[in-house]
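Trainee: I would like the atomic coordinates for the input below:
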Amino acid sequence: MKKFNIRKVLDGLTAVSSSSSATAQPGTRENDVIQETLQSEHFQLCKTVRHGFPHQPSSMAFDPVQKILAVGTQSGALRLFGRAGVECYCQHESGAAVIQLQFLINEGALVSALADDSIHLWNLRQKLPAILHSLKFNRERITYCHLPFQSKWLYIGTERGNIHIVNVESFTLSGYVIMWNKAIELSTKTHPGPVVHISDNPMDEGKKSHVWYGVVWFMLWCGSCCAVLQAIHSVAWHHEGKQFVCSHSDGTLTTWNVRAPAKPAQTITPHGKQPKDGKKPEPCKPILKVEYKTTRAGDPFMVLSGGLSYDTVGRRACLTVMHGKSTAVLEMDYPIVDFLTLCETPYPNDFQEPYAVVVLLEKDLVVIDLGQIGYPIFENPYPLTIHESPVTCCEYFADCPAELIPALYSVGSRQKRQGYSKKEWPISGGNWGQGTQSYPEIIITGHADGSIKFWDASALMLQVLYKLKTAKVFERARGKEEKPSTDIVEEDPFAIQTLSWCPESRMLCVAGVSAHVIIYRFSKQEVTTEVLLEVRMQCELSDVDSPDPGGDQTPTLPTPGASSSPQENEAPTHPSTGSNSTDGPRDNIPCLQVRSSPLKQSPGYQVELVIQLVWVSGEPPQQITSLAVNSSYGLVVFGNSSGLAVVDYLQKTLLLNMGTTELYSPSDPYPRQPRSPRKARQPSADIPTVTSCMSSLSNLYTESVKKLRFSHFSKSRCVGRSVCSSPCPSVSYLLSKSYFCAFLLLLNPFHFTFLIPLILSFCPTWPTHSCHADAKDNSFSRSRSSSVTSIDRESREAISSFHFCESFPRKTENLLSPSLLVGTTQGSVLVVALSLPPSGDQRLQQPVSISSCGTLVRLKGGVLTMALLDATGALLPPPYEPWYDPNASDEEKEKSRRRRPASPPSSQEGQDSQYAVVCSEKQAKVVALPSQADIYKHNITESSFVLRADVVQMAGASCIACFCANGHIMTLSLPSLRPLLDVNYLPLTDMRIARTFCFSNLGQALYLTSPTEIQRITYSQETCDNLQEMLSELFTPVETPEAPNRGFFKGLFGGGAQSLDREDLFGEMAAGKASRSLAQHIPGPGGMEGMKGAASGVVGELARARIALDERGQKLGELEERTAAMMASADSFSKHAHDMMLKYKDKKWYQL
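Mentor: Below is the predicted model:
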């Protein structure tokens, strides 16, 4: 029977009900001929994979046969890791912290114990693990779990000191309970405390279990020993079962002999100072965990965490490895959560042969090689360094040029650290997915320390390709006394705020929180930059009516399309940051100082130009809110809350510096004539001058008008050595707490665009400054109302988005020309016409002309994204220039460099040949060009607002993808703006999501779900259908290693004791049923029937058939081996019996 899909029915109802909001404007029917191929059947939303380090880890377990590592977190998440590229994410519904994990070794199952006193059995034999059974304890708190190897009985220790037994096959509670008052001596009157450890004697697994209590007692159950000692934290057995080691809260290790339990055989303090007079060593910090592993060929290993002396104040967490007479103390970057020693055998009664130690830290996972001198670490193949510095922005590019990933990998491979272990990564379980979908995908993350990381995200994997450090361009203060007073952020002055990247030309433009922009080119050759060009923008206070106070100069009236040339003006160099006087107001200085020494630039991204905004009269520069770069035009444009600036990075000149209101034509709201660049004031006598270009244009503020000036100049020796920046915890802003709260309440998307990449590094403290109150008041004065209110008019109109294109700047034009679309926070889309000289030498010599063409369209809410469609509805990407190596020879440049792509055919008179797509916080519109007539309009939301919107390509067509603050993810068809998908996915409970959410082509999207993890999702039906095949497999059929030889007589007379004793003791026939009020059994959704039908597709069926055949062959092989062993044992027994019969055949009874 065909499955009923209610989502498609709801989509149909939504399309009908939204007919009033998504309406075609009367009189314009040109796009009726466009056939839209995207339907609601093409869309489905689901999570795919999660990358990064598990946030707030709490526990860990390892399967030594399957080679799978499991990590639990405080939020109830499970992360499972195998070989590189094999990862899996699971989540407990309750969200309670995972306190312990236990693998059913080589059985494809995992037991998790949570802080809400529940235990769960996970099935790992399917690609998406699911819970088979759950038990919820009602009357006791769980403190410790123990599952012996190849046993079906799980021990549950509780806070009351009792031990409960669970049958993991049926996940039911046994009637047998070890009560604390029956497990200790009758003479003891004190409660022993919670159970901190349970284990079996390795040589007597079937007869004795051992229980350790956490206050003052340890107990051997079924034995007869009891002793008083310091509080126990952990216990480790020698494999022969004759000794065990305990770690204590006073920093000591005690070794006990099972046959002499009255007192410890040895007591040592690994990090305690040994007094010469024989007195007891001074107490140390608690040893939280100890592991004791033996080897055949040498001394045993003893690995422990904690136990340092109390006088080591400020010392980082350490792991101690004791091997023979040597003791190695390994410092860790973060506190230790847990560690495990990886051994060659899963059997506890054999020589362990340890080869590595997995150390789970609060923010990292480290694996130490025990087999090499110096204990080097393994190179981690997982993408666990996303949070190396807090992520401040994120971009996602799917279906990139095929040669891009190899190029980034080739330059990034030279950045790898040295000194890693030469052995292969020991966590090597699982298999990669077998899906057929594979196209290049790249994720770019910007970080608080100014670094940018490029990640290969193809085939649901994640691998770092290349790391760029933007802070290398600037000088760094070596101490607090050298910290400049011009910083507008107290911490992380190099943090990345936004970036623009062109995959085809490999041009990269980065904007930072200190109001700076850096332009990079990609090169495969190393260069040393002696002279670095820099453009600075300056603001100075002035009256509206008197833009040039003092009358010392006369502004030059502009003409439309006027441009600035670097030969026109001269201006002084700006004084350095260090020369600024703290007595007077900060003036004419940038927030950061460019390095004064040559900069050696390795292959990869190399600095082309640095742009900075400067302080004026004590006022800090405004933050950059939007950014775009175009390689075909050779232009970079950026804007803030005051206006925009266009820079020609080929000629290194400023082309346009204009306030937002000056972009409007006289017929638009707030008409204001643009001013051309003017000459700067003459420098004072004590300031040296160099050839430069200075221009400015007034910009409207709420209470005053500030005039912006750019200075372009060359510095003789500007950038220097590379400094590796340490991870910084946060990004601070000059915002008071009250205005930050106002920001949270208003939830203005412009403020999201403008401030979130800066303030959301989760700094708990926010500095309050009294000097910029008026600027901050203006920043948070805008109303949430979609209409243009008086508050809207009073607040400044900021630039929110850009789009370079080949289009029709004016209604009257029929020829395509280079254009720039400018979106503002008040919903206006303005057009700027660009007049470019011919390519070649003329492009480098002749100026670029720019003229404003007025408003194209106006929407409710701030503009988020813009795009162009051709007459057939196909998406028109921005023009670009193919990549060429800027440091290559001229001949090689000419071979690879071509003119920008030819423009599409021009429009015939009276016909529209393009459609502009604009999406704002509230609406989406499609406008025909060049007539500028509204074709379609759709009201996306009334009660909420859109946080992120992108025009993406999918299934051979284009659509608008939106993420709203109420958690809805929506897609709209183009050009008709039909609703195709509307799913309530994720309510905005964390501003980190709003800061990092981004869509990409082919139905892909991602966001930062925690400070350390990236969650990838898909809204493509095709990807959802193939997801099972694309995911990796955790469980693979592996033969269990052969058990150690126990000897003939022990195997003959004691072989069946283990299973027999426990079944007789814990089984229902002997112990009865447990009380129903003690624990509640909850069947899980991932039963065996569901597991068998979970995988879909031909590949999944073949994989399951292969696994079944392997398992069947494995079982037949085991059966054959057991039969042969039994036959050999029977022959041996028959032989011995025959020898004994011959020996005593002729003897009398009294001779025996």
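Trainee: only C-alpha atoms for contact and neighbour calcs from this point on.
Mentor: Will do.
Trainee: ignoring the adjacent residues along the chain, who's closest to His323?
Mentor: Distance criterion C-alpha to C-alpha, 6 or more residues apart in numbering; nearest residue to His323, sequence neighbours excluded, is Phe301 at 4.8 Å.
Trainee: tally of neighbours for that neighbour?
Mentor: Phe301: 20 surrounding residues under other C-alpha atoms under 10 Å.
Trainee: next: Ser458.
Mentor: Counted with other C-alpha under 10 Å, Ser458 comes out at 18.
Trainee: then Gly433?
Mentor: Gly433: 19 neighbours (other C-alpha under 10 Å).
Trainee: Ser1032 is in contact with that one, correct?
Mentor: Yes. At 4.1 Å, Gly433 counts as touching Ser1032 under the criterion of C-alpha atoms under 8 Å.
Trainee: any common contacting residues for the two?
Mentor: Overlap of the contact sets of Gly433 and Ser1032 (by C-alpha atoms under 8 Å, 6 or more residues apart in numbering) is empty.
Trainee: so what's Phe1133 scoring on pLDDT?
Mentor: At Phe1133, the model reports a pLDDT of 83.
Trainee: element containing it?
Mentor: helix 1097-1143 (DSSP states H and E).
Trainee: Tyr355 versus Lys423, what's the distance?
Mentor: 11 Å (C-alpha to C-alpha, to the nearest Å).
Trainee: typed the wrong thing, it's His164
Mentor: Counting by C-alpha to C-alpha - His164 and Tyr355 are separated by 34 Å.
Trainee: out of those two, which sits in the more crowded spot?
Mentor: Shown here are His164 and Tyr355; by other C-alpha under 10 Å, His164 has more neighbours (20 against 15).
Trainee: for whichever strand or helix holds that one, which outside residues touch it?
Mentor: Assessed by DSSP H and E, His164 sits inside strand 163-167. If you take C-alpha under 8 Å, 6+ apart as the criterion, strand 163-167 is touched by 152-157, 172-180, 1066.
Trainee: which ones are touching the nearest residue to Thr971 once chain neighbours are set aside?
Mentor: Nearest residue to Thr971, sequence neighbours excluded (C-alpha to C-alpha, 6+ apart): Ala961, at 4.5 Å. The contact partners of Ala961, by C-alpha under 8 Å, 6+ apart, come to 949-952, 969-972, 999.
Trainee: can you name the residues in contact with the helix or strand encompassing Glu395?
Mentor: If you go by DSSP H and E, Glu395 is part of strand 391-398. For strand 391-398, the surrounding residues in contact (C-alpha under 8 Å, 6+ apart) are 439-448, 495-498, 757-758, 760-761, 995-1002, 1004-1007, 1011.
Trainee: which of those count as buried?
Mentor: Buried residues within the contacts of strand 391-398, counting neighbours by 16 or more other C-alpha atoms under 10 Å: 440-448, 495-498, 757-758, 760-761, 995-1002, 1004-1007, 1011.
Trainee: okay, and which of those residues map to strands?
Mentor: Among these, the residues falling in strands (DSSP state E) are 441-447, 496-498, 998-1000, 1004-1007.
Trainee: quick check: mean pLDDT across stretch 939-953?
Mentor: So the average pLDDT for stretch 939-953 ends up being 95.
Trainee: now do the same end-to-end measure for that stretch.
Mentor: Note: stretch 939-953 ends 22 Å apart using C-alpha to C-alpha.
Trainee: pLDDT-wise, which helix or strand of this protein ranks last?
Mentor: Among the helices and strands of the chain, strand 689-700 carries the lowest confidence by mean pLDDT, DSSP states H and E, at a mean of 25.
Trainee: how close does Trp982 sit to Ser889?
Mentor: Trp isn't right for residue 982; it's Asp. Taking C-alpha to C-alpha, one finds Asp982 at 53 Å from Ser889.
Trainee: what's the closest non-adjacent residue to Pro930?
Mentor: Lys811 (5.0 Å).
Trainee: contacting residues around that neighbour?
Mentor: 929-932 are the contacts of Lys811 under C-alpha under 8 Å, 6+ apart.
Trainee: adding distance to Arg506 and neighbour count, write those out as TSV.
Mentor: Converted to TSV, the contacts of Lys811 look like this (distance: C-alpha to C-alpha, whole Å; neighbours: other C-alpha atoms under 10 Å):
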residue	distance to Arg506	neighbour count
Leu929	30	27
Pro930	31	26
Ser931	35	20
Gln932	33	20
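Trainee: noted, bye for now.
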